[in-house]
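need a 3D model of the sequence below.
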Amino acid sequence: MSKHFLYLTNDKLVSLVIKGAELVERENFVVADVQTPEFEAHIDKLAAVPTYLVTDLIEEDFRLDTIPHLRGNDQEAVLDRKLGQIYRSSPYRHAIVQGREDEGRRDDRVFLHAVTNADLLKPLIALLERHRVPLEGVYSSAVLSSRLLKELDIAFPHTMLVTLIPDFGLRQTYFKDKQVKFSRLTPIVYDESRSVGELIAAETSRTWQYLDSLRYFAETDSLEVCMLAHERDRAMMQEAIRTYPMLRYRFLDINEVAAKLKIAPAPTSSHAEEILCHLYSRSKLENHFAAPADSRFASYRRVRLAIFGVTAAILAAGAAGAAFNLYHATQITQEIEQRSRREGTLQAEYQAVVNSMRTQKMATDTVRDTSAFFNSQIRPSPSTPAIMLTDIAKVLDDFPKVRVNQIVWATHNDPTFVPPVPLGIAATAANTGGTRQVTSESKLGGAGAPAVAPAVSPADTADPPLAGNKYRIAVLDAAIQPFDGDLRSALAEIERLVNALQSNPEFTVKVTRMPVDPGPLASLKVIDRATVTATQAGFVIHIVRKVAGT
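Predicted structure coming up:
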């Protein structure tokens, strides 16, 4: 970014446009020509460039003073009052706090400086304001010149920097422990009887004597005089300068300084304004003399740049967001296309499977087994007979004469299904202890006849159906015991048991075998009660409970 420096002396106004480390433009004007159209055209051309007004005037005053040690607003108020008392006639004044005294109340040491002749600045500042130039501030070159010593790594307890300004004015600035203490500008008046070197040596000697009178030096101290000059002027100056034990001269070659500071092109004379302005352009400067109203256009420019920066950041963020969304939209579109292609492939495969299934015939056994498997395995239902047998046991508690020989439990989808009842227990009970089973014989096959298995087709034997689990079926093989041959009493007890079981609304109860067959085709064989010792009257009851939710 370019910066515009106006270097003001009593006779000259040098306009320097610096971009980076390069001097882009240089124009010289006479101070009296500030109001001319040529200068106004020059200012109007650079009206958008940040401008820095640097003063190097004879009418600059520098002095040291002390104030009570304060901080913040209190310190600023005391400094303003002190500056107003000393520089009443000029608004261009400034103060720098330089630490505290070593003894006593340890007051604050302050360096006060000002442009005592305000008329030198007012016309130029008014012109800049008219053209709405962003004036960053008004600065004293003598105070800022300490940056040159810092960049060149020159650090002595007592240092005096000597520079030449346009039209051979001599600026002498004294630094003690890197802090500015005094500055003096004297014009070099040509005298045919004395060379320029002799004039410079005489001025530096007088400045040293003045500083020595202020007791800045101890007996062993020496003043290091650093002179910034071009190599072609160095020989002329060096011949006339005498080195005193208390005054030591050091020449700073302006070409070497420019090379060290990376300034291009190097100045062609011993004048220091280009070197100093290049140095000032590299960092932020603290305003010395400009009032807030004088630099308001610079403030407007910073606000405008901040707004532009925020706007650019928002636009960049919006563009980045739009690019991000566009990228994701492209990714999503590609993914949709890929899924559409996969979906088309899967749809084609599905349609091929459907078409192939239409040509197939489902086997009856497969449908039967699938349905039975679903009802018996997939559909939730109780898997144990505990609940049903508990309800039956509660009923049997009221029938002490009923002896349970065995209970067969099964699940099935047909409520009339009768699981096969093993006859081992009943047969064993009939042949032990001298007891006999009371039976009835029927011409069609009574209860005592051998069990005849139902006819089963070869297909059912090879691929029997799954039982399913829609109904819970219990076959109760029991007997009335003891039995003394009174069938009427035994049948009444069985009937009472059946009624008790039917009192449960979930049960469907049916007697499948009685102690005697009361059918019309049955033949009865009556037992003599006088010869019966321990006979039991057996019977079988078929109990069905439907599974809830099926």
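
what's the nearest residue to F399 if we skip its chain neighbours?
L497 (5.5 Å; Cβ to Cβ, 6 or more residues apart in numbering). The C-beta positions use only the backbone N, C-alpha and C, and glycine is treated the same way.

which SS class is the one you found?
helix (DSSP: H, G, I helix; E, B strand; the rest coil).

and the pLDDT at A317?
On pLDDT, A317 comes in at 94.

other SSEs contacting the helix or strand harbouring it?
Counting by DSSP states H and E, the element that carries A317 is helix 296-358. Identification of packing neighbours for helix 296-358 by 3 or more Cβ pairs under 8 Å, 6 or more residues apart in numbering; DSSP states H and E yields strand 135-140.

neighbouring strands for the strand it packs on, and are they parallel or not?
Pairing partners of strand 135-140, with direction, according to DSSP bridges: strand 51-55 (parallel).

and the strand it pairs with with helix 296-358, angle?
Interaxial angle, strand 51-55 versus helix 296-358 (axes from the mean of the first three to the mean of the last three Cα atoms, to 10 degrees): 150 degrees.

distance from strand 51-55 to the middle of the chain?
46 Å (Cα atoms, centre = their mean, to the nearest Å).

what's in contact with it?
3-8, 115, 121, 124-125, 128, 133-141, 144, 273, 276-277, 280-281, 285, 289-290, 298 (Cβ atoms under 8 Å, 6 or more residues apart in numbering).

and this protein, what are its domains?
What automatic domain parsing lists as the domains of the chain is 2-59+117-294, 303-351, 383-449+464-546.

mind putting these into TSV with distance to E103 and mean neighbour count?
Putting those into TSV (distance: least, Cβ to Cβ, whole Å; neighbours: other Cβ atoms under 10 Å) gives the following:
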stretch	distance to E103	mean neighbour count
domain 2-59+117-294	15	17
domain 303-351	48	10
domain 383-449+464-546	105	16
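
which of the ones you listed sits closest to H69?
In terms of Cβ to Cβ, the element of the domains of the chain nearest to H69 is domain 2-59+117-294, at 17.4 Å.

straight-line length of the closest one, end to end?
Distance between the boundary residues of domain 2-59+117-294 (Cα to Cα, to the nearest Å) amounts to 21 Å.

centre of the chain to the helix or strand where F29 lies, how far?
Secondary structure assignment for F29, by DSSP H and E: strand 22-30. Chain-centre distance of strand 22-30: 51 Å, with Cα atoms, centre = their mean.

could you point out the helix or strand that follows it?
That would be, after strand 22-30 and using DSSP H and E, helix 37-45.

other SSEs contacting that following helix?
Using 3+ Cβ pairs under 8 Å, 6+ apart, helix 37-45 sits against strand 22-30, helix 122-130.

now do the last one and helix 37-45, the angle between them.
Angle between the axes of helix 122-130 and helix 37-45 is 40 degrees (criterion: the same axes, to 10 degrees).

now do helix 122-130, average pLDDT.
Averaged across helix 122-130, the pLDDT comes to 94.

how far does the helix or strand T159 falls within sit from its chain's centre?
Element membership for T159 (DSSP H and E) is strand 158-165. Its chain's C-alpha centre and that of strand 158-165 lie 55 Å apart, by Cα atoms, centre = their mean.

how about residues contacting it?
Here strand 158-165 makes contact (Cβ under 8 Å, 6+ apart) with 9, 12, 56, 145, 148-149, 170-176, 185, 200, 204, 207-208, 216-217, 221-229, 270-273, 276.

again, 7 Å this time
With contact meaning Cβ atoms under 7 Å, 6 or more residues apart in numbering, strand 158-165 is reached by 9, 56, 145, 148-149, 170-176, 204, 207, 216-217, 221-228, 270-273.

list the residues that contact P515.
Taking Cβ under 7 Å, 6+ apart, one finds V438, L487, A490, A537, G538, F539 in contact with P515.

quick check, pLDDT for the first one.
It refers to V438. 40.

apart from its chain neighbours, what residue comes closest to K510?
H542 is the one closest to K510 (Cβ to Cβ, 6+ apart), at 4.5 Å.

isn't V511 up against E495?
No. Judged on Cβ atoms under 7 Å, V511 makes no contact with E495 at a distance of 8.5 Å.

would you agree L57 falls within a helix?
No. Checked against three-state DSSP, L57 lies outside a helix; its state is coil.

who's in contact with it?
L8, T9, N10, V115, L120, L185.

need phi/psi at it.
phi -120, psi 150 (degrees, to the nearest 10).

gap between it and L13?
The gap separating L57 from L13 is 11 Å, by Cβ to Cβ, to the nearest Å.

same question for V354.
Taken as Cβ to Cβ, the span from V354 to L13 is 96 Å.

please apply the same query to L152.
Distance, L152 to L13, by Cβ to Cβ: 27 Å.

ok, E22 next?
22 Å.

any low-confidence regions in the stretch 151-300 of the chain?
Scanning the stretch 151-300 of the chain for pLDDT under 70 picks out the ranges 168, 190-193, 240, 242-245.

can you show me the strands along it?
Along the stretch 151-300 of the chain, counting by DSSP state E, counting those that start in this stretch, strands occupy 158-165, 169-176, 179-187, 223-229, 247-253.

buried residues in stretch 103-111, which are they?
D108, R109, V110, F111 (16 or more other Cβ atoms under 10 Å).

wait, the third one sits on V97?
Looking back up the chat, that one is V110. Yes. The pair V110 and V97 qualifies as a contact (Cβ under 7 Å) at a distance of 5.4 Å.

and the residue nearest to D44 when sequence neighbours are not counted, what does it touch?
Once flanking residues are discounted, D44 sits nearest to H131: 5.5 Å by Cβ to Cβ, 6+ apart. Contact analysis of H131 by Cβ under 7 Å, 6+ apart lists I43, D44, A47.

how about 10 Å then?
Residues near H131 by Cβ atoms under 10 Å, 6 or more residues apart in numbering: E40, I43, D44, K45, L46, A47, T51, F297.

again, but for V475
With contact set as Cβ under 10 Å, 6+ apart, V475 has these partners: 406-410, 417-421, 512-513, 540-543.

same check, this time on T66
Here T66 is in contact with K82, R100, E101, G104, R105, R106, D107, D108, R109, V110 (criterion: Cβ under 10 Å, 6+ apart).

dump those residues to TSV, plus distance to V475, pLDDT and secondary structure.
Below are those laid out as TSV (distance: Cβ to Cβ, whole Å; pLDDT from 0 to 100; DSSP: H, G, I helix; E, B strand; the rest coil):
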residue	distance to V475	pLDDT	secondary structure
K82	122	94	helix
R100	115	92	strand
E101	121	90	coil
G104	123	83	coil
R105	120	89	coil
R106	117	91	coil
D107	120	93	coil
D108	116	94	strand
R109	120	94	strand
V110	120	96	strand
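
now W409: closest residue in space, sequence neighbours ignored.
Excluding the flanking residues, the one nearest W409 by Cβ to Cβ, 6+ apart is P385, at 4.2 Å.

that neighbour contacts A410, doesn't it?
Yes. The criterion here is Cβ atoms under 10 Å, and P385 meets it with A410 at 8.9 Å.

identify the contacts common to these two.
With contacts taken as Cβ under 10 Å, 6+ apart, P385 and A410 have R472, I473, A474 as neighbours in common.

just these: which are in strands?
R472, I473, A474 (DSSP state E).

for the first one, list each beta-bridge partner.
In other words, R472. T411, R545.

now do the contacts for S2.
V17, I18, K19, G20, E22, V24, E25, L46, A48, V49, P50, S281.

quick one on the thing from earlier: can I get the contacts of T66 in TSV including distance to T370?
Formatted as TSV, these follow (distance: Cβ to Cβ, whole Å):
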residue	distance to T370
K82	107
R100	102
E101	108
G104	111
R105	108
R106	105
D107	107
D108	102
R109	106
V110	105
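
so which of those is the closest to R63?
Looking across the contacts of T66 and measuring by Cβ to Cβ, the closest to R63 is V110, at 9.4 Å.
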